[in-house]
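> below is the structure, and that's it, no one-letter string:
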């Protein structure tokens, strides 16, 4: 009996709304755009957060990255000195040995020297980064060997003049030839190409303090660390504006791989204390991907709350629009209400009728908003290249709120209709 009355009320509500199609459609627009904006904005926020977290995960959650940085005081002094000066700062080989032997839980320490240099083959010249490192760079940082091989222990032991190129650099330097059969020149030395790799996360993409992503750069050449040390030495000379600056840096970066992720939090302060003891200048920085990942997730939660709140305002406006239209409808249909009451309809029947109409408006608008809201992120991805992720909870949340708005904002008009005096309603013109 109850279900029959409810079905009858729904049919009557839909029939009443169809009598004023344009007004009903315009009333639903607020809900449609509100639901659409909630889903689309959360999808965009989720996509941006996913990309940031994936970039950080590639750094390794059990890694701690230490980088050499030029101390601020050295920068100021260099501007006041003559045409030639030597800056001595950064990480040392001794630092790596101390970290490996002193800090509990350390698995391996990966040292790196990074020299910005132009490489040449025939008439082609490309500016790149020459990275001197050890063979286990491939396991710690993560690279995919596309062809050939990566550096080996024999290369490191014998200071071999071999190199490995990133695929992007190889395509620019050897557009129509097989790189593995070639040698290239770095400075005054020739290196035989033994492999092509695809970086999962290049040096320039590694996270900076306060930044989750860097500038992508697929211009890396890898040589054995011993070769880099013997060919380039420890003093790098940079020329600019008629003067030249010499920098003495043993290592530009070290990646400390912990045996377990749980050891990262305890190792972080220990590493800082150890380095501070042996470095009088602030010439290094620590990047802890695990901390960055947690910060990214926290930022995502805050971002989603902000975006969701902004989008929810559209739903609120849509709900107010429904209430406004339904109040006008009550006034317009006052005589109809009086007739129904005179024929025996109870207050709850009048309340149900108007409440059903508001719920139909909100749910109908919610369904349309869900469809548009799911399509919109795909359009954003297609035209802008920005990654978007539509999640089931965001769809359920947006649709649930639209239904709740129909009930909440429909109660007052429905109750106002039910409270009309039947006699006064019949006299209404």
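Ah, there it is. All of these numbers come straight from a predicted model, not from anything done at the bench.
> list the contacts for residue 415?
residue 351 (CB atoms under 8 Å, 6 or more residues apart in numbering). Just so you know, the C-beta spots here come from the backbone N, C-alpha and C atoms, and that holds for glycine as well.
> mind checking pLDDT for it?
Looking at residue 415, its pLDDT stands at 75.
> so how far is residue 353 from it?
12 Å (CB to CB, to the nearest Å).
> then residue 53?
According to CB to CB, residue 53 and residue 353 sit 50 Å apart.
> of these two, who's got more company?
Legend: neighbour count by other CB atoms under 10 Å for residue 53 and residue 353, higher for residue 353 (23 against 18).
> gap between that one and residue 17?
With CB to CB as the criterion, residue 353 and residue 17 are 11 Å apart.
> the helix or strand where residue 52 lies - contacts with which helices or strands?
Residue 52 belongs to helix 21-57 when elements are defined using DSSP states H and E. Where contact means 3 or more CB pairs under 8 Å, 6 or more residues apart in numbering; DSSP states H and E, helix 21-57 is packed against helix 289-332, helix 347-384, helix 392-418.
> out of those, which is closest to residue 94?
For residue 94, the closest of the helices and strands packed on helix 21-57 is helix 289-332, at 24.9 Å, according to CB to CB.
> report the angle between the closest one and helix 21-57.
Going by axes from the mean of the first three to the mean of the last three CA atoms, to 10 degrees, helix 289-332 is angled at 170 degrees with respect to helix 21-57.
> helix or strand next in line after helix 289-332, which one?
By DSSP H and E, the next helix or strand past helix 289-332 is helix 334-342.
> and the pLDDT for residue 123?
So, for residue 123, pLDDT stands at 80.
> what's the distance between it and residue 177?
Noted for residue 123: a distance of 13 Å to residue 177, by CB to CB.
> re earlier: distance from the helix holding residue 52 to the middle of the chain?
A distance of 17 Å separates the centroid of the chain from that of helix 21-57, by CA atoms, centre = their mean, to the nearest Å.
> now do stretch 287-302
The answer for stretch 287-302 is 10 Å, by CA atoms, centre = their mean.
> count of neighbours near residue 153?
Residue 153: 11 surrounding residues under other CB under 10 Å.
> nearest spatial neighbour of it, skipping sequence neighbours?
Spatial nearest neighbour of residue 153, chain neighbours left out: residue 135 (5.7 Å); criterion: CB to CB, 6 or more residues apart in numbering.
> the one you found contacts residue 151, doesn't it?
Yes - using CB atoms under 8 Å, residue 135 makes contact with residue 151 at a distance of 4.7 Å.
> same drill for these two, tell me which one is more crowded.
Neighbour totals were compared for residue 135 and residue 151, and residue 151 leads with 25 against 18 (other CB under 10 Å).
> can you name the residues that contact the residue nearest to residue 354 when sequence neighbours are not counted?
Leaving aside its sequence neighbours, residue 354 sits nearest to residue 414 (CB to CB, 6+ apart; 3.8 Å). Shown in contact with residue 414 (CB under 8 Å, 6+ apart): 326, 350, 351, 352, 353, 354, 355, 358.
> could you measure the spatially closest residue to residue 369 that is not a sequence neighbour against residue 308, distance?
Nearest non-adjacent residue to residue 369, counting by CB to CB, 6+ apart: residue 35, 2.7 Å away. Distance, residue 35 to residue 308, using CB to CB: 12 Å.
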